[in-house]
Structure formats: structure tokens, C-alpha cells
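[1] give me a 3D structure for the following:
(chains A and B)
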Amino acid sequence: MNWCRSVQSLVKSAFSGKIRQESSNYAQLRYMSRVKSRHTAPRHFWMKKERARYPEELSSENEAFLREVVSDRYESPLRHHPPAAPLAYTPGVRRCGLVARKIAVQPMWLSNGKYVNTTLLHVADNHVVGYVPPEMLNQNEVVRRRWKEQYRPLAGLVVGADQEDPTKFTKEYANMFLEAGIMPTKKLTRFTISPEAALAPGTRLRATHFQVGDYVDVYAKTRERGFQGVMKRWGFAGQPATHGATKTHRRPGGIGSGAQKSRVWPGQKMPGHMGGQYRNLRGLKILRINTKHDIIYVLGHAVPGDHNDYVLIHDTVLPLRRRKEPGTVITDEEAAQLPEDIFHPDVHQMAAPSIVF
Amino acid sequence: MLRRRTRIEIPEFYVGSVLAVTVSDPQAPGKTSRFVGICILREGHGLRATMTLRNAIDQQGVEICYPLYNPTLQKIEVLRLEKRLDEDLRYLRDCPLEYSTFAFDMEPEHAADSGEVPVNPVKVPLRPRPWTWRWERAGMKGLIVPELREDFYERAKKVSEPWHKYDLMREYRRSVPVEDQREIYAEVHEHVQSLETDQRRVRRRRVFVAPKKTS
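    Numbers count the residues shown, from 1 in each chain, chains lettered A, B, ... in the order given. Presented below is the predicted three-dimensional model:
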């Protein structure tokens, strides 16, 4: 959308007063709807993550020795444990989110008898890997240029999920996790946070980071649909199936704009690759949290992605859904005493008696 | 599912059985509504399992689909436990209404506990065409399809897929394999004992006979 804003400002400066009077000209400004930003190759600034696997033909003793080294390094009781507990929600402070996997869609009934679908998001093995101070965050450069009077620096918190055997990764990638003291993770992501919400590297993040009744936003990659035609991709109407329509039933039809603009506008909707895009789904209510397996049950079944795909969850940005009261910090000892399932009061628990009106 | 079954007894029934379902309804008088009907369809798995009951009320066919684990269901009674020749009785929509009519004050029929569920071999005739489905192609055993023009059967033969009966993977996907069944029964077995005591408690609570005043 930055691209389109710059186009608008360009046109505005060229037709400096006229643009407001002739509303038809202004209405004709088109910009790419659903800007396609799919990156199939790793970005140039990313480091190499996985190393080439070739048959090393290690003896069984050497393999056992390697496993011993890994367990000594990561599971030793002498390992330094970070003192800080995860941060509870504070109004006005932006805190980090969680990396989860979408594992199921299960039905649930509310206490008024209404049937709803809930998506299960499994928060597996989340650890804080590092902290990015405001000076190093690239976004702050852009923010500072545009909103000088409202400038508030934001920091970053790198979170990793799903620890994996360190032998599968390059040394460069594995060294990023030394400060946290955890094994390298399969998924690594960064959350933009307020500097006050910084956490120590190595902090374990669990599903109790959120509370039942909270609203969260979910950011995930949509399902791949491959090369799709214009009817499925953009919702075009197509042409009639009968009444003489010759070899034209699902085509886009005309793509021109008229005599004045005797060319095709950039961003003209055409067939192409569909899906595999990162999308936000905002304002999902948490109906239930399973503390034993770290699963968050979120209202709705439209969470982007396929089974077992990664999903980023964070406190909602919607102003009317943000909580006004701060949350409670749950330490590890308190977390052990929590019940296995925490339900929202609106949800009917199956162990409870049948609903009577 | 097991936790819900401690609160309501979901009895054994099949497509073709006659059931009476009591549901709590905020709009109904007395806040409950009871429906009696023949089970024509059972779909879904797990918490999404549903059953569809059909009855004819005032010469109007009525079908209601109930999710079995819906917490507003108060009681499920089996008035007649039996099976039919088919696992899907949606053809009753195109049959005379007398075959879908069941009285609301029907008494539960207790069959002799022989251990096997009786199969009702009734064959239901169809009303004259038009139908909701091409019943000449469906191959329903409990249905009497009248003789049609030849071109119906020619077209049926053209679109038929007779190789399905040889497709082992299709049958494997449709049914629960024996290995998985054993696993599931082993899991459920631990809870069955406690479930039975809970269900006995629920049954006892229902059967309450008010004491009669004797002079």
C-alpha cells in the first residue's frame, strides 16, 4: 500500500488543484488491490540456515558421542536459567506474541446453545532468542521520517519455536541461539514490541501468555492454490454457459479502460498464482486455553494456513477489543497449579449438566 | 464426548430406528420440545456426529437434524430399535407419507434381548415421478422402483461406476480399520465402567413415581 500512496501523492502534485474538482479523475486512480508480495527464494540478507546433508557414515559410537555432547550442552542442570517471567498484558505497552501451529478445528457450544467452531493453535516450545534495541530496528528509520512529532521508538523481540537437533543447521545459524541457551529452532520470527516489554533471551513463552477472553490477531500464510483463473482468483463473473457463448465461459473478458487511456492499467486483475500470501486475521476471541499441552482455542475457523502450518499470534491492534485492565503474571509455580483447561464463562463445558432455558 | 455422555445417555440406535428426542427450547411452552421420528441418516464423526429424524405432521414431512453432542438435548429415547435394508433412508422423501408417519405418543417397544438388532425387511414403494433423486440408479434394497423408460436405464449404465466395489482403499477410507478400532475401544474401556454408573444414576433420577395418596 506504500506504493499506491506514493502514486496518489505524485498525481496530486501534478494536478495540483484540479484533482479535487474533477471527482471522476480521482475515482479513476487505480492501484494494485491485494499487492502480491510472494518471495519464493530466501532474502539476500538472510543467513544460511540449513546445511547440506550428506552421508557422513559415522560409527555408532561417534553418533552416541554427538548426542551426548548435545544433551550436555542443552540439558545440563548447570545451564543458566533466565530469571525473568513472561510479561503480562499492560495497556499501552506492546508486548511480544507467540508462534503456534494450527492443529485442528473443533466444534464447541456456548452456554446459550449456540454452536461455534474453534481453531486449535498449539504453542509449541516458544523461547525468546534475542532482543533488538530501537537503534537497530529498520522500521524506526521509516517511522522517524514520517511521524517526527509522534516518534516513539519500537524494539524487536526474536522468538523461536520448535527446537531441533543442532547438527541439522549451519554454525552461523546455531550461534544465534547461544545467548538463549536453547537448541536452534525450526521457526524464527521477530515481534515488534515496546522497549518496556523486553524479555531476557531464553525465556519460555507458554499459552498462558494470553488469557481466556482476550482478543488476538493472527498472521499466517494462506493455503497455496497454484495458478488460478480470474474467476476464482478475483471473483469475476465469467460468461454464460449457454445461449451461444463461443469458447468463452471463464475468461476475464475486456481489459481495456476506454479511448482516453489506450493502454492496460498496471495492476489489471489477471490469472496467476493464488495463495501462499501472509495475511492478518484480526479480533479473534480466545475461548479456551489448555495449559497442559499449551493449546489456545480461538473462535472461528478461518485462520489462514493448512494443518500444522505456523501462525503468529499477538494482542489485537483493534482499539475496541483491547483490554483496559492489565493482565496477571503467571510464574512457573502458579502455572503448575492452574487447571488443565481454562474455559471462557460463555462456553458450555461438556462435563456440566445439559443446558436448560 | 465421554464427558457429555456422563450427562446424557446416547443409546444404541441405527438408521431405521424410531427415536424420541427432548430438546430444551427457549421459545417452546414449558421450555422443552419433544420430537418423534424415524432416523433416516447418521453423519459426521466425533463432536460433529448428527442424526436426522423424519416424521409427517399434518400431512407435511418434517426432518430435524440433531447434533448428538448438542448440550441442549435433554433426552434421547429409542422407541423402536431396528435396522432397515439400507443405511440411508432419504428415499422416504419420495414415498407416500404413511411410511414416514409415527405417532408422537408412541410407546417404547422392548424387543426380546436376543443380542441381535432386528432387521426390518420392508420394501417401500415410491410415489410417481418427479423424485428428488434418480432412485433407479441408487440401488436401494428397501425401495421398490417402478419400471421406467429404457433410456433411463441406458443412461444409468453409461454413468455407472461398477469398479467401486473392487476399490479396497475406498472401503478402507470409508470405514474404521480393525487396528484403529482396537485402539479406540481400549481407550474407551477405561471410562466405560465409570460411565455406566453415571448413566444408572441418570436413569434412576428420571424414573420417579410420585407416591399415591391412599385413603
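[2] contacts and neighbour counts: CA atoms only from here.
    Will do.
[3] break chain B into its domains for me.
    Segmentation of chain B into domains, based on automatic domain parsing, reads B:2-110+B:119-148, B:170-208.
[4] so can I have TSV of these showing mean pLDDT?
    Below are the domains of chain B laid out as TSV (pLDDT from 0 to 100):
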stretch	mean pLDDT
domain B:2-110+B:119-148	95
domain B:170-208	80
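[5] so which of the ones you listed is nearest chain A?
    Nearest to chain A among these is domain B:2-110+B:119-148; the distance by CA to the nearest CA comes to 4.9 Å.
[6] distance between the ends of that closest one?
    Taking CA to CA, to the nearest Å, the first and last residues of domain B:2-110+B:119-148 lie 49 Å apart.
[7] does any bit of that domain sit next to chain A?
    Yes - applying CA under 8 Å from any CA of the partner chain, one finds domain B:2-110+B:119-148 touching chain A at B:3-4, B:6-8, B:24-26, B:31, B:47-48, B:70-74.
[8] out of these, who's the most crowded?
    Using other CA atoms under 10 Å in any protein chain shown as the neighbour test, those are led by B:P71, with 29 neighbours.
[9] assign that one to helix, strand or coil.
    Of the three states, B:P71 takes coil under DSSP: H, G, I helix; E, B strand; the rest coil.
[10] that one and A:L110 touch, don't they?
    No - between B:P71 and A:L110 there is no contact under CA atoms under 8 Å: 9.0 Å.
[11] now the common contact residues for these two.
    The contact sets of B:P71 and A:L110 overlap at A:H348 (CA atoms under 8 Å, 6 or more residues apart in numbering or on different chains).
[12] pull the longest helix from chain A.
    With secondary structure taken from DSSP state H, chain A has its longest helix at helix A:60-75.
[13] whatever helix or strand comes next after it and chain B in contact?
    Downstream of helix A:60-75, the first helix or strand assigned by DSSP states H and E is strand A:98-109. Yes - under the criterion of CA under 8 Å from any CA, chain B is reached by strand A:98-109 at A:106-107, A:109.
[14] and of those, the nearest to A:V129?
    Relative to A:V129, the closest of these is A:Q106; by CA to CA it sits at 32.0 Å.
[15] and the residue lying closest to the closest one once chain neighbours are set aside, what does it touch?
    The shortest distance from A:Q106 to any residue other than its chain neighbours is 5.3 Å, reached at A:T118 (CA to CA, 6 or more residues apart in numbering or on different chains). Listed by CA under 8 Å, 6+ apart, the contact partners of A:T118 are A:105-108, A:297-301.
[16] do the same with A:K186
    A:K186 neighbours (CA under 8 Å, 6+ apart): A:160-164.
[17] now it. Its backbone dihedrals?
    Backbone geometry at A:K186, expressed as degrees, to the nearest 10, gives phi -70, psi -40.
[18] pull up the gap between it and chain B, please.
    Distance of A:K186 to chain B, computed by CA to the nearest CA, to the nearest Å: 32 Å.
[19] what's the answer for A:D214, then?
    A:D214 is 25 Å from chain B, where distance means CA to the nearest CA.
[20] what's around that residue, how many residues?
    The burial count assigned to A:D214 is 20, neighbours taken as other CA under 10 Å.
[21] tell me where the chain has strands.
    No chain specified, so I'll use chain A. Remark: strands assigned in chain A by DSSP state E are A:98-109, A:115-122, A:126-132, A:155-163, A:185-193, A:204-205, A:215-221, A:226-228, A:272-274, A:278-290, A:295-299, A:310-315, A:341-343.
[22] chain B was what I was after
    With DSSP E as the criterion, chain B has strands at B:18-24, B:32-43, B:50-57, B:60-67, B:73-80, B:124-125, B:143-144.
[23] quick check: closest non-adjacent residue to the residue nearest to the spatial centre of chain B.
    By CA atoms, centre = their mean, chain B has its centre lying nearest to B:C39, at 3.0 Å. Closest residue to B:C39 apart from its sequence neighbours, by CA to CA, 6+ apart: B:L53 at 4.5 Å.
[24] identify the residues contacting that neighbour.
    B:L53 sits next to B:19, B:36-41, B:63-66 when contact means CA under 8 Å, 6+ apart.
[25] list the contacts of A:F343.
    For A:F343, the contact set (CA under 8 Å, 6+ apart) comprises A:212, A:287-289, A:349.
[26] what does A:G226 give?
    The contact partners of A:G226, taken as CA under 8 Å, 6+ apart, are A:272-275.
[27] can you check A:K102 too?
    Counting by CA under 8 Å, 6+ apart, A:K102 touches A:119-122, A:305-311.
[28] and B:C95, by the same measure?
    By CA under 8 Å, 6+ apart, the contact list for B:C95 reads B:124-127.
[29] at 7 Å instead, please
    Going by CA atoms under 7 Å, 6 or more residues apart in numbering or on different chains, B:C95 touches B:125-127.
[30] and B:R54, by the same measure?
    B:37-40, B:62-64, B:100.
[31] if we use 6 Å, what do you get?
    Going by CA atoms under 6 Å, 6 or more residues apart in numbering or on different chains, B:R54 touches B:37-38, B:62-63.
[32] what do you get for B:K75?
    With CA under 6 Å, 6+ apart, B:K75 has these contacts: B:21-22.
[33] so it bridges to which residues?
    On the basis of DSSP bridges, B:K75 is bridged to B:T22.
[34] turn the contacts of A:G226 into a markdown table, including distance to A:L137 and neighbour count.
    Shown next, in a markdown table, are these (distance: CA to CA, whole Å; neighbours: other CA atoms under 10 Å in any protein chain shown):
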| residue | distance to A:L137 | neighbour count |
| --- | --- | --- |
| A:G272 | 34 | 12 |
| A:H273 | 32 | 15 |
| A:M274 | 31 | 19 |
| A:G275 | 29 | 20 |
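[35] how many residues are close by whichever residue of the stretch 1-150 of chain A sits closest to chain B?
    Residue nearest to chain B within the stretch 1-150 of chain A: A:G113 (6.2 Å; CA to the nearest CA). By other CA under 10 Å, 21 other residues sit near A:G113.
[36] cool, B:R42 as well?
    By other CA under 10 Å, 20 other residues sit near B:R42.
[37] B:M51 is in contact with that one, correct?
    Yes - using CA atoms under 6 Å, B:R42 is in contact with B:M51, at 4.4 Å.
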